[in-house]
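**Student:** coordinates only, sequence not included:
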Ligand code: DCP
Ligand code: MG
């Protein structure tokens with residue numbers, strides 16, 4: 001089924017920054033950044049392409065961004081406004097399919113395999129969606145069309161900004177070899193470095209590794225690497241009312257210096273998680289699959305630790321937090337905790353067995 005599907009990935013261009021420019025046209029053509037104040041611990045949420053030319057990028061401390069680009073115009077984030085625009089864009093999507101998986105305010109996958117519109121041409125649907133966003137919102141979106149989520153996302157980036165790129169099933173064998181491994185979902189800094197030590201930079205090189213070797217080096221993730229390197233990705237587009245995870249996190253005004261000070265922050269964070277979880281479960285009950293802790297150290301190095309669990313209890317986060325802290329043993333600026341849910345449709349017994357399987361693969 002995987003190569004017969006038609007998936008569209010839509011990604012708005014410089015989303016927050018583009019909205020700010022729309023609201024104030026005098027900003028057009030200027031280097032702008034949206035985010036936290038340079039005096040506090042603010043970071044850049046996003047910036048215009050003019051600012052990107054100076055090396056400014058998302059997650060960069062605002063103070064550093066201003067040193068790189070002294071004429072940078074810094075604007076505070078207006079989440080309510082961005083959320084409202086996001087809702088309008090999503091309303092456009094629903095006219096084409098109900099199989100929509102939003103990834104963030106500005107990004108979504110659409111499965112249009114069963115759409116009869118435009119004689120079933122996903123390319124024509126994608127270009128019509130782009131036109132409608134431009135006409136009704138005065139904002140540009142980039143779109144990728146492909147037989148699966150992985151390639152649709154790669155494609156939306158290909159001609160960004162204001163671009164459309166299509167990867168047809170028959171294009172895949174020629175397209176994959178040159179693609180850098182870091183474009184593969186789940187290949188972060190650690191896995192990329194691991195692959196580089198093996199001399200592997202591209203999907204073409206990755207294709208030459210045997211499943212056995214991949215399993216030995218990367219555990220269960222090895223199979224995914226084998227498939228992704230060939231452009232195979234069976235992950236379904238899962239609709240918006242189905243959550244994959246729920247989490248809460250906090251960035252602290254002053255770094256937490258020790259493990260003990262991190263552990264102290266756990267109870268209030270857990271209280272927030274519990275409230276949100278109850279609210280979400282009322283709406284639609286989903287079986288917890290695993291718990292995770294995310295730590296960002298003062299130098300922005302981020303680590304997550306995850307363990308299978310059918311229960312969500314405060315005490316279960318203690319060993320995860322300890323394990324995450326041990327990886328860095330240095331001051332912490334952000335602490336997050338969360339729950340991952342079972343994909344719906346998996347029978348409970350199977351879910352139970354899956355949740356007993358010990359975690360493996362890359363950290
Ligand atoms: N965002 C954020 N913090 C980050 C990354 C993103 O707050 N570390 C917000 C601001 C972005 C929006 O999410 O406008 C979308 O993120 P993208 O990564 O899609 O970035 P942009 O849409 O800004 O730029 P691009 O044109 O590269 O998609
Ligand atoms: Mg975007």
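**Tutor:** Looks like it came in fine. Model, not experiment: these values are computed from the prediction. Ligands and ions are numbered 1, 2, ... in the order given.
**Student:** Every contact and neighbour count from this point should use C-alpha atoms.
**Tutor:** Will do.
**Student:** how about residue 306, phi and psi?
**Tutor:** Here is the backbone geometry of residue 306 (degrees, to the nearest 10): phi -130, psi 150.
**Student:** Please identify the helix or strand for the closest residue to it other than its chain neighbours.
**Tutor:** Spatial nearest neighbour of residue 306, chain neighbours left out: residue 292 (4.1 Å); criterion: C-alpha to C-alpha, 6 or more residues apart in numbering. Assigned by DSSP states H and E, residue 292 belongs to strand 288-297.
**Student:** From what I see, the residue nearest to residue 306 and residue 305 are in contact.
**Tutor:** Yes. With contact defined as C-alpha atoms under 8 Å, residue 292 counts as touching residue 305 (5.5 Å).
**Student:** hmm, back to that, what are the pairing partners of the strand holding residue 292, and which direction each?
**Tutor:** Strand 288-297 has its sheet partners listed here by DSSP bridges as strand 302-308 (antiparallel), strand 332-341 (antiparallel).
**Student:** quick one: is that strand near ligand 1?
**Tutor:** No. Figure legend: strand 288-297 not in contact with ligand 1 (C-alpha under 6 Å from any ligand atom); closest approach 13.2 Å.
**Student:** Please state the mean pLDDT value computed over that strand.
**Tutor:** In this model, strand 288-297 carries a mean pLDDT of 95.
**Student:** Give the buried residues for the helix ranked longest in the chain.
**Tutor:** The longest helix of the chain (DSSP state H) is helix 259-283. Within helix 259-283, the residues that count as buried by 16 or more other C-alpha atoms under 10 Å are 259, 262, 266, 269-270, 273-274, 277.
**Student:** Need these in JSON lines (columns: pLDDT and distance to ligand 2).
**Tutor:** Putting the buried residues of helix 259-283 into JSON lines (pLDDT from 0 to 100; distance: C-alpha to the ion, whole Å) gives the following:
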{"residue": "259", "pLDDT": "97", "distance to ligand 2": "36"}
{"residue": "262", "pLDDT": "97", "distance to ligand 2": "33"}
{"residue": "266", "pLDDT": "97", "distance to ligand 2": "32"}
{"residue": "269", "pLDDT": "96", "distance to ligand 2": "29"}
{"residue": "270", "pLDDT": "96", "distance to ligand 2": "31"}
{"residue": "273", "pLDDT": "94", "distance to ligand 2": "28"}
{"residue": "274", "pLDDT": "92", "distance to ligand 2": "31"}
{"residue": "277", "pLDDT": "88", "distance to ligand 2": "28"}
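**Student:** out of those, who's near ligand 1?
**Tutor:** Applying C-alpha under 6 Å from any ligand atom to the buried residues of helix 259-283, none is adjacent to ligand 1.
**Student:** quick one: low-confidence parts of this protein?
**Tutor:** 1-3, 240-242, 282-284, 343-363 (pLDDT under 70).
**Student:** one more time with 80, if that's ok
**Tutor:** Scanning the chain for pLDDT under 80 picks out 1-3, 40-41, 239-243, 279-286, 343-363.
**Student:** OK, contacts around residue 35?
**Tutor:** 42-46, 62, 74-77 (C-alpha atoms under 8 Å, 6 or more residues apart in numbering).
**Student:** How is the chain partitioned into domains?
**Tutor:** With domains defined by automatic domain parsing, the chain comprises 8-167, 176-228, 245-355.
**Student:** about what we covered before: in TSV: the strands paired with strand 288-297, plus distance to residue 67 and mean neighbour count.
**Tutor:** Below are these laid out as TSV (distance: least, C-alpha to C-alpha, whole Å; neighbours: other C-alpha atoms under 10 Å):
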stretch	distance to residue 67	mean neighbour count
strand 302-308	24	19
strand 332-341	22	23
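**Student:** Among the ones you listed, which comes closest to ligand 1?
**Tutor:** Checking the strands paired with strand 288-297 against ligand 1 by C-alpha to the nearest ligand atom gives strand 302-308 as the closest, at 12.7 Å.
**Student:** Most widely separated two among the contacts of residue 35?
**Tutor:** 62 and 77 (12.8 Å; C-alpha to C-alpha).
**Student:** Spit out the residues that contact these two alike.
**Tutor:** 35-36.
**Student:** Give me the distance between residue 337 and residue 292.
**Tutor:** 6 Å (C-alpha to C-alpha, to the nearest Å).
**Student:** between those two, what contacts are shared?
**Tutor:** residue 317.
**Student:** any idea how far ligand 2 is from residue 171?
**Tutor:** Distance of residue 171 to ligand 2, computed by C-alpha to the ion, to the nearest Å: 25 Å.
**Student:** What is the burial count for that residue?
**Tutor:** 11 (other C-alpha atoms under 10 Å).
**Student:** helix, strand or coil for it?
**Tutor:** helix (DSSP: H, G, I helix; E, B strand; the rest coil).
**Student:** coming back round to it: wait, what's in contact with the residue nearest to residue 306?
**Tutor:** 304-307, 317, 320, 337-340.
**Student:** Thanks again, I'm all set now.
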